[in-house]
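*Asks:* What follows is a protein structure lacking sequence information:
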């Protein structure tokens, strides 16, 4: 089960399809693509596993067209930034 | 209001040596104490139009420059800088006291004034169109800034863009423009009417001279400006002038890299910078001739929304 790391508020701004996002825990700012931000927002709405997140993301945003494996890779990258964390069910 | 020019040079020297002066630059007041004649000379020349606050009043910063004691009084004399009783920097040759004064004035603001988002950038304004020029050292930022203010643009700052948290306004801090090495001769040729300080050689940045800001920029130091453009200047020998748009999110990251206190401010800094980006069109600008650059900036001012 993936969830947002406690303390992250996901303050972000979008311009021309690119996002900047403030990391409340590290103080860093990240330049992110739309897929990553949509995934973060999906995790924020409801903690889920990668397969469920991919299914929900593709249902809400068909243009995302992400496989569960691609979502898993994205989640690992976001985890390395302390934006999301994985907890055993 | 009393300005530095109201004091004769001997009186300025006497006040600096005994009790100091309260020098008002933009929204800051700095107490300056020093018996060193080179510093009084520089202040008399370049700060003549600046207001002095009432003696005994509040000062944001307290600076004390004095000559070293002992053998150092005669052998390679040095200047020591004292800030609120602390000595944050190594002493420098006494000949470098005026550049040291300018650097410490910048340091005071960049390390303390956290009611602003502080960006290492020049800011100029014309016809209510303000342009922020962030750039690392060596990009030609100060040279371009000096040329612009000698061509009718108002100087808000050569070194520190102050973005007021909340309103997003650019708050002026007009102070002498720092020029290095070949730029000094370039500006002397471009603006022979401008006033320059004595050149100081062999500093850590090479040869340094400062250019006096236009009196109008100092008189309007309480008048903030709204950002319209962020332009990253880059001097390239032989290059034709070229203005290339930057995607806003990319510009955000680059401006953040040039901010002094972005991390200190946390989420507040993020929102302040986002506001600046949203208010501005962002460009890379490469140039080799100042006249080309002036023409390009005039065009930017005309087409501003």
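*Replies:* Everything's here; your move. Worth saying up front: this structure is predicted, and the values here are computed from it rather than measured.

*Asks:* so residue B:97, which of the three states?
*Replies:* In the three-state summary, residue B:97 is assigned as helix, counting by DSSP: H, G, I helix; E, B strand; the rest coil.

*Asks:* who touches the residue of the stretch 1-150 of chain B found nearest chain A in this structure?
*Replies:* Per Cβ to the nearest Cβ, the residue of the stretch 1-150 of chain B with the smallest distance to chain A is residue B:117, at 12.8 Å. Where you see a C-beta, it was placed from the backbone N, CA and C, and this is true even at glycine. Applying Cβ atoms under 8 Å, 6 or more residues apart in numbering or on different chains to residue B:117 gives the contacts B:162, B:163, B:165, B:259, B:261, B:262, B:265, B:269, B:272, B:273, B:276.

*Asks:* again, only this time at 10 Å
*Replies:* B:161-165, B:168, B:255-256, B:259-262, B:264-265, B:268-273, B:275-276 (Cβ atoms under 10 Å, 6 or more residues apart in numbering or on different chains).

*Asks:* Intersect those with the contacts of chain A.
*Replies:* B:256, B:262, B:264, B:265, B:268, B:269, B:270, B:271, B:273, B:275 (Cβ under 10 Å from any Cβ of the partner chain).

*Asks:* Mind checking which of those land in strands?
*Replies:* Residues of these located in strands (DSSP state E): none.

*Asks:* Show me how to select, in PyMOL, the buried members of these.
*Replies:* Of the ones next to chain A among the contacts of residue B:117, the buried ones go into a single PyMOL selection, burial set by 16 or more other Cβ atoms under 10 Å in any protein chain shown:
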select buried, chain B and resi 256+262+265+269+270+271+273+275
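
*Asks:* What helix or strand is residue B:297 located in?
*Replies:* Residue B:297 is part of helix B:290-303 when elements are defined by DSSP states H and E.

*Asks:* Show me which residues of that helix are buried.
*Replies:* Using 16+ other Cβ under 10 Å as the test for burial, helix B:290-303 gives B:290, B:293, B:294, B:296, B:297, B:298, B:300, B:301.

*Asks:* give the contact list for the residue nearest to the first one when sequence neighbours are not counted.
*Replies:* Closest residue to residue B:290 in three dimensions, ignoring its sequence neighbours and counting by Cβ to Cβ, 6 or more residues apart in numbering or on different chains: residue B:147, at 4.4 Å. Residues counted as contacts of residue B:147 (Cβ under 10 Å, 6+ apart) are B:124, B:140, B:153, B:177, B:183, B:186-187, B:190-191, B:194, B:290-291, B:293-294, B:297.
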